[in-house]
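Asks: Whatever this is, show me its structure:
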Amino acid sequence: MKKHMIILLVLMVIFTGCAAKIDENIDRAPYEEKAETDAKLFLTGEAEKLYPEFTDTLARQIPLETLVNQSLQFSIMNQYVQTLEVSSQLIDQYIVVDVLSEMTSSKINTRISYTTDGKIAGIYFSNSPLTPALLPGEEEIKVGEHELAGRLMLPDHDGAPIVILIAGSGSHGMDEIIGAAGNAPLRDLALGLQDRGIATIRYDKRFYSDPQLAAQKPQLTIGDEVLDDVDWIIEHIESYQGVDSSKLFVLGHSLGGMLVPDIAARHSQVKGIISLAGSPRKLEDIMEEQMIAQIEAATEMTAEEKESQLAVLEKNMASIREQDWASSPFGAPYSYWESLHQVYAPVVVERITQPMLILQGSADQQIFADRDYRAWKELLKDRDNITYKLYEGLNHLFMKKIYDDPVEDYNIPGHVEPEVLDDIAEWIHSH
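Replies: Got it, this is the predicted structure:
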């Protein structure tokens with residue numbers, strides 16, 4: 001069995017130097033052919049074959065262990081299917097090739113930059129970009145210092161409560177597209193809440209909009225990835241027309257649902273918070289459970305390969321537990337994990353006064369009802385302003401579970417269940 005896993009961080013590099021631009025007439029076909037091969041090597045877990053082709057600068061920026069870790073995560077969690085499209089462009093002294101690949105549960109764009117002698121000078125990955133058309137009642141907005149693309153979705157009357165929607169981990173656009181079927185839980189939430197008289201804001205995550213921004217933050221934090229842009233929206237909430245900014249709520253899905261307590265603790269004007277498939281446990285502990293289960297269930301792997309994968313997993317976990325600031329566990333610098341430790345629910349819960357709505361699907365195979373949902377209840381057992389709801393048979397996307405394998409499940413077209421939308425809207429209107 002394989003599970004869908006959003007990779008936390010893409011590998012990337014900022015190109016520097018003042019070398020002369022290359023001849024615009026250079027034949028790019030050989031580089032495109034090479035890029036297609038190189039992308040497949042990475043996505044199928046054979047990244048070590050690429051490392052000898054790295055420039056010295058790139059090799060210093062991306063250690064072999066980090067490269068192999070990311071490659072193995074891609075290959076274990078999301079099987080390569082085929083190459084869909086290859087294109088190239090010239091940027092300064094580099095031939096930059098984009099390879100769009102179909103995986104079992106998503107499409108991945110691999111961008112590889114080559115020197116004229118075929119060395120790899122840069123490499124990064126992102127979900128294939130989608131620019132959704134404007135829906136009725138939507139307005140285009142720009143979010144944060146990087147002017148991220150976003151949408152303000154309004155109901156058909158003024159003075160509506162407004163909810164900021166926060167996606168889960170990984171590189172997500174404003175709709176949080178997951179699976180080959182194009183399931184879009186955040187778009188479903190925006191449309192469903194609009195029908196129920198509630199406005200929403202959703203936006204492209206920073207590293208979806210521009211993956212190279214992460215390379216500018218060697219000590220990357222969850223603030224860089226998520227929280228700074230949410231803070232910006234909250235600080236500018238009164239600038240949005242047609243809404244009642246005094247009725248501001250924040251809703252997070254998955255990783256976003258883990259972060260809403262910190263947001264509430266820091267912003268007293270937030271009236272209430274909603275966690276969909278969030279957890280008060282540490283992200284690395286959840287990932288460890290997921291990856292052990294995925295490795296053990298991988299029927300195509302030999303016993304030796306499984307042992308090797310488990311050893312890599314344990315090394316990453318040890319780096320986090322030992323607070324190794326020189327390490328990059330699971331491809332993210334230790335600073336990222338430390339920043340998560342500073343904002344996760346048990347650390348900030350004493351500073352939260354706002355009401356909270358916690359929703360969980362019983363068939364979720366990424367965040368678990370018997371561990372994570374139960375952990376919320378234990379953590380918040382002394383609070384009288386917490387509302388819980390467990391939905392029988394719903395998966396991580398709050399859609400009906402069809403298959404035991406999440407990859408297959410997410411590849412079936414679905415929508416967030418109306419009952420979930422009803423409960424969220426009723427809770428917001430009552431607060």
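
Asks: Look up the closest residue to V86, ignoring the ones flanking it.
Replies: E32 (4.9 Å; C-beta to C-beta, 6 or more residues apart in numbering). Heads up, the C-betas are built off the backbone N, CA and C, glycines and all.

Asks: ugh, wrong one, K282
Replies: In space, K282 comes closest to Y344 once its chain neighbours are excluded; the distance is 6.2 Å by C-beta to C-beta, 6+ apart.

Asks: Tell me how many other residues crowd the one you found.
Replies: Other residues near Y344 come to 20 when the count uses other C-beta atoms under 10 Å.

Asks: ok so, going back, how about the secondary structure of the residue nearest to V86?
Replies: When classified by DSSP: H, G, I helix; E, B strand; the rest coil, E32 comes out as helix.

Asks: give the contact list for it.
Replies: Contact analysis of E32 by C-beta atoms under 8 Å, 6 or more residues apart in numbering lists 86-88, 97.

Asks: can you pull out the helices in the stretch 51-200 of the chain?
Replies: 56-61, 64-77, 185-195 (DSSP state H, counting those that start in this stretch).

Asks: Can you lay out the ones you listed as a markdown table showing mean pLDDT?
Replies: What follows is these, written out as a markdown table (pLDDT from 0 to 100):
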| stretch | mean pLDDT |
| --- | --- |
| helix 56-61 | 80 |
| helix 64-77 | 74 |
| helix 185-195 | 95 |
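
Asks: residue closest to the middle of the chain?
Replies: For the chain, the residue whose C-alpha lies nearest the mean C-alpha position (C-alpha atoms, centre = their mean) is G170; its distance is 2.0 Å.

Asks: separation between that one and S430?
Replies: 33 Å (C-beta to C-beta, to the nearest Å).

Asks: do K282 as well
Replies: Taking C-beta to C-beta, one finds K282 at 32 Å from S430.

Asks: who's more crowded, those two?
Replies: Neighbours were counted for K282 and for S430 using other C-beta under 10 Å; K282 has more, 17 against 9.

Asks: Give the rounded mean pLDDT of stretch 386-394.
Replies: On average, the pLDDT along stretch 386-394 is 97.

Asks: so K119 sits right up against F54, yeah?
Replies: Yes - the pair K119 and F54 qualifies as a contact (C-beta atoms under 8 Å) at a distance of 7.0 Å.

Asks: neighbour count winner among these two?
Replies: Applying other C-beta under 10 Å to K119 and F54 shows that F54 carries more neighbours, namely 20 against 16.

Asks: doesn't E417 make contact with D188?
Replies: No - here D188 lies out of contact with E417, judged by C-beta under 8 Å, at a distance of 9.2 Å.

Asks: the more surrounded of those two?
Replies: Higher neighbour count among D188 and E417: D188, with 22 against 19, using other C-beta under 10 Å.

Asks: can you pull the buried residues of the helix or strand bottoming out on mean pLDDT in the chain?
Replies: One helix or strand of the chain scores below all others by mean pLDDT, DSSP states H and E: helix 64-77, with a mean of 74. Within helix 64-77, the residues that count as buried by 16 or more other C-beta atoms under 10 Å are 66-77.

Asks: same question, stretch 276-296
Replies: 276-284, 286-288, 290-291, 294-295.

Asks: Just the CA coordinates for it, please, in PDB.
Replies: The C-alpha trace of stretch 276-296 is given here as PDB (Å, rounded to 0.1, in the frame of the first residue of the first chain):
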ATOM      1  CA  LEU A 276     -10.100  20.300  10.500                       C
ATOM      2  CA  ALA A 277      -8.000  17.100  10.900                       C
ATOM      3  CA  GLY A 278      -5.400  19.000  13.000                       C
ATOM      4  CA  SER A 279      -3.500  17.600  15.900                       C
ATOM      5  CA  PRO A 280      -1.900  18.800  19.200                       C
ATOM      6  CA  ARG A 281       0.900  16.300  18.800                       C
ATOM      7  CA  LYS A 282       4.300  17.100  17.200                       C
ATOM      8  CA  LEU A 283       4.400  16.900  13.400                       C
ATOM      9  CA  GLU A 284       7.500  14.700  13.400                       C
ATOM     10  CA  ASP A 285       5.900  12.100  15.700                       C
ATOM     11  CA  ILE A 286       2.900  11.900  13.300                       C
ATOM     12  CA  MET A 287       5.200  11.600  10.300                       C
ATOM     13  CA  GLU A 288       7.200   8.800  12.000                       C
ATOM     14  CA  GLU A 289       4.100   6.800  12.500                       C
ATOM     15  CA  GLN A 290       2.900   7.400   8.900                       C
ATOM     16  CA  MET A 291       6.200   6.500   7.400                       C
ATOM     17  CA  ILE A 292       6.800   3.400   9.400                       C
ATOM     18  CA  ALA A 293       3.400   2.100   8.400                       C
ATOM     19  CA  GLN A 294       4.000   3.000   4.700                       C
ATOM     20  CA  ILE A 295       7.400   1.300   4.700                       C
ATOM     21  CA  GLU A 296       6.100  -1.800   6.300                       C
END
